[in-house]
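In: coords please:
(chains A and B)
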2 protein chains.
Amino acid sequence: MAKVLIIGAGGVGGVCTHKCAQAPEVFTDIVLASRTLSKCDAIAASVKRKTGRTITTAKVDADNVPELVALIRAHKPDIVVNLALPYQDLTIMDACLETGVPYLDTANYEPLDEAKFEYKWQWAYQNRFKDAGLMALLGSGFDPGVTNVFCAYAMKHLFDEMHELDIIDCNAGDHGHPFATNFNPEINIREVTARGRYWDRGEWLETDPLSWSMMYNFPEGIGPKKCFLMYHEELESLAINIKGLRRARFWMTFSDNYLNHLRVLENVGMTSIEPVDHNGQQIVPLQFLKSVLPEPASLGGRTKGRTCIGCKMKGVKNGEVKNYFIYNICDHEACYEEVESQAISYTTGVPAMIGAMMMVTGAWKGEGVFNMEQLDPDPFMDKLNIHGLPWVVVDLDKQ
Amino acid sequence: MAKVLIIGAGGVGGVCTHKCAQAPEVFTDIVLASRTLSKCDAIAASVKRKTGRTITTAKVDADNVPELVALIRAHKPDIVVNLALPYQDLTIMDACLETGVPYLDTANYEPLDEAKFEYKWQWAYQNRFKDAGLMALLGSGFDPGVTNVFCAYAMKHLFDEMHELDIIDCNAGDHGHPFATNFNPEINIREVTARGRYWDRGEWLETDPLSWSMMYNFPEGIGPKKCFLMYHEELESLAINIKGLRRARFWMTFSDNYLNHLRVLENVGMTSIEPVDHNGQQIVPLQFLKSVLPEPASLGGRTKGRTCIGCKMKGVKNGEVKNYFIYNICDHEACYEEVESQAISYTTGVPAMIGAMMMVTGAWKGEGVFNMEQLDPDPFMDKLNIHGLPWVVVDLDKQ
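Out: Now for the predicted structure:
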């Protein structure tokens, strides 16, 4: 039925490729491209092992629009799924416009030299996609992505107005190392050490990094965990698109052990990106730390435990105050067994596939640039249950 | 009267040079040499500021015997004071033998690739120094050094037999950094992360690193501090040279903060001496950590508080059980005011100067390799009081 071109062969690209291969009734042809062909070929071999399907691989420099255009023209996909680095969103959008192919991604554009999470660069493409009669779907991962769809679902079925939103992201997994990061330590540590930011009655308020925490009692036996307020990109679009929203915050769990390690590494200067002189050579401490820490990819096979990501929402329905928690729980080992990646990549790669499925099947249609909460949540929510990310709605007032 | 050649321009080298300069009646000529001439020149400038004396500086690679020999031949010193790295003890001893010059150091030889504190490599030079009619004095710092002399003093004046010895090293100073080591971080961390080891009725018993602690109430208002059992090199010679010694242990104070930082750095692999691949280069994490941490020399001007290092001893005199604590207290800020170094360097550099003074004045004479407790403690103890490290004997049974 449809041909999908996936760009990016990291953990998320691997999961998305596996999940597309598991849905041959929709994705009849799959092309996987990245800067490093060997990574695409390794994923292709994994897909072959697990599903028996053969996919096409290709090499592309996603910073280079003419190369992207040539790749798209050569393969004529029905959709481009961008799972490359956030720095490359705009070049891939440009190539989609030039070739007339719909676009999907999971993380907003970031300039290379600044850790800045903002939709403004991609929202600026609104008229160009409208004029081309093309759809661009932004942030179709878990958070952003599924969390936005949970909000849209609550607005459609549970509330007349939503007043308070807390998105809560818990990784209760254990990789057995005293300290390791689940993705590139440089990106991870930059994000975690950034200032917090949340939406409160029409304005953005800031907090010192990791300065505000709460305990949250996670369901299904995960239990109470300490969660820290951070800025996360879906807050920007939700604050605009969810009518009546007075407060929106994002929280992530970190263990005392993780934070202690991070604090010590900061204290001694190992997280610095300023080069130091080492025997006459200039070496960046954070990059050396990356060489010492376990490879994120090596954690997949040894991570146990579950993730729980959900939206805690307060609003009104028929004049009555209501409180809900909609969440998914995902098991690291089950993910690895299914697609040879742990739950962090899985929870992002599956919604990327479902978003692509919505678009190529016509369940979601539109012209212009869309965030997830702007589209009908029901068909997406159905597919989550089918494709490995089942969700639960808890009425917190009835607990 | 005498010309001293000091090799090593770190914190201890700086103090020793200052203290030699303060004793012009003994040290008429001072030469300071190290791999980095600019460090020697900075110390020379400091000595000039504080004492008005001019010293000679020179460049030498202390790993290179012919270079050392050429340096010694050029300057014709009466003694070589080795304050370079412990890895360089043997090359400097070789050069002293070749040129016929007495030798002194403050720390025993360690192989570069193994954290091993043993006198065997240097004791193996016994016959060569004897045959050359030369004296080599090992471990003339504070611990080892003054602690050995305290034991010799106790054996001469306080006990017929010493049965139990606890050497206790407390740094109650604060440099205001979240984490820094008071001397070469590589040496410091190798020492602290090694297994504990103590002498007990004729055998060496081992403990896990930092697994055994006690509270000790330090005198003169320093108060109770947690002390951890460690191996320290003077135990090896004391167990042999102090007759009747049944148990000998070494303890050092560490704050919870220091230990936490150390634990994290160990956890992530930053204290390892196994090289890791970093962008195609082999780099030793512990050596890179040294490049990131504050220079020990930079702590001098900002360290407040005092050190207290002493020997707690139990023995018998005329058939009666006796308990003593002999200690020195040293103030970081007073040291800095005097010689522009804090107390950690001061307490090592002063005894190095006094040891050299004992040798060049003939107060201590001998042929062969000596540990401190093998020599008459009285003249050394007198000089401690005169040169900045006054000591106190407490009769613990009378408190």
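
In: residues in contact with the closest residue to chain B within the stretch 51-200 of chain A?
Out: The minimum distance from the stretch 51-200 of chain A to chain B, using C-beta to the nearest C-beta, falls at residue A:178 (3.6 Å). Backbone N, C-alpha and C define where each C-beta goes, glycine included. Contact partners of residue A:178, counting by C-beta atoms under 8 Å, 6 or more residues apart in numbering or on different chains, are A:257, A:261, B:264, B:267, B:268.

In: residue A:338 now?
Out: Here residue A:338 is in contact with A:18, A:50, A:346, A:388 (C-beta under 8 Å, 6+ apart).

In: need phi/psi at it.
Out: Dihedral pair for residue A:338: phi -80, psi -50, per degrees, to the nearest 10.

In: who in the stretch 201-350 of chain A is up against chain B?
Out: Taking C-beta under 8 Å from any C-beta of the partner chain as the measure of proximity, the stretch 201-350 of chain A contacts chain B at A:260-261, A:264-265, A:267-270, A:272, A:276-279, A:283, A:285, A:287-289, A:291-293.

In: now the buried members of those.
Out: Neighbour counting by 16 or more other C-beta atoms under 10 Å in any protein chain shown classes A:260-261, A:264-265, A:267-270, A:276, A:278, A:283, A:285, A:288-289, A:291-293 among these as buried.

In: that older thread, am I right that the residue of the stretch 51-200 of chain A closest to chain B is in a helix?
Out: No. Residue A:178 is assigned coil when assessed by DSSP: H, G, I helix; E, B strand; the rest coil, not a helix.

In: out of the contacts of residue A:178, flag the one nearest to residue A:154.
Out: residue A:257 (34.1 Å; C-beta to C-beta).

In: go through the helix or strand hosting residue A:128 and flag the buried ones.
Out: If you go by DSSP states H and E, residue A:128 is part of helix A:126-131. Neighbour-count burial for helix A:126-131, counted by 16+ other C-beta under 10 Å, picks out A:128, A:129.

In: contact partners of that helix?
Out: Helix A:126-131 has contacts (C-beta under 8 Å, 6+ apart) with A:97, A:103, A:135, A:136, A:367, A:368, A:369.

In: residues in contact with the last one?
Out: Spelled out, it's residue A:369. Per C-beta under 8 Å, 6+ apart, neighbours of residue A:369: A:122, A:123, A:125, A:126, A:129, A:136, A:138.

In: pull stretch A:5-25 out as PDB, backbone CA atoms only.
Out: What follows is stretch A:5-25, C-alpha atoms only, in PDB (Å, rounded to 0.1, in the frame of the first residue of the first chain):
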ATOM      1  CA  LEU A   5      11.400   6.400   3.900                       C
ATOM      2  CA  ILE A   6      12.900   6.400   7.400                       C
ATOM      3  CA  ILE A   7      16.000   8.700   7.900                       C
ATOM      4  CA  GLY A   8      18.100   7.900  10.900                       C
ATOM      5  CA  ALA A   9      19.500   4.600  12.100                       C
ATOM      6  CA  GLY A  10      19.900   5.100  15.800                       C
ATOM      7  CA  GLY A  11      17.800   3.300  18.500                       C
ATOM      8  CA  VAL A  12      14.500   5.000  17.500                       C
ATOM      9  CA  GLY A  13      15.100   4.500  13.800                       C
ATOM     10  CA  GLY A  14      15.700   0.800  14.500                       C
ATOM     11  CA  VAL A  15      12.500   0.400  16.500                       C
ATOM     12  CA  CYS A  16      10.400   2.300  13.900                       C
ATOM     13  CA  THR A  17      11.800   0.200  11.100                       C
ATOM     14  CA  HIS A  18      10.900  -3.000  13.000                       C
ATOM     15  CA  LYS A  19       7.400  -1.700  13.700                       C
ATOM     16  CA  CYS A  20       6.800  -0.700  10.100                       C
ATOM     17  CA  ALA A  21       8.000  -4.200   9.000                       C
ATOM     18  CA  GLN A  22       5.500  -5.700  11.500                       C
ATOM     19  CA  ALA A  23       2.600  -3.900   9.600                       C
ATOM     20  CA  PRO A  24       3.000  -5.100   6.000                       C
ATOM     21  CA  GLU A  25      -0.700  -4.400   5.300                       C
END
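
In: mind checking the SS state of residue A:308?
Out: strand.

In: before we move on, the earlier item: among the residues of the stretch 201-350 of chain A next to chain B, which are located in helices?
Out: A:260, A:261, A:264, A:265, A:267, A:268, A:285, A:287, A:288, A:289, A:291, A:292 (DSSP state H).
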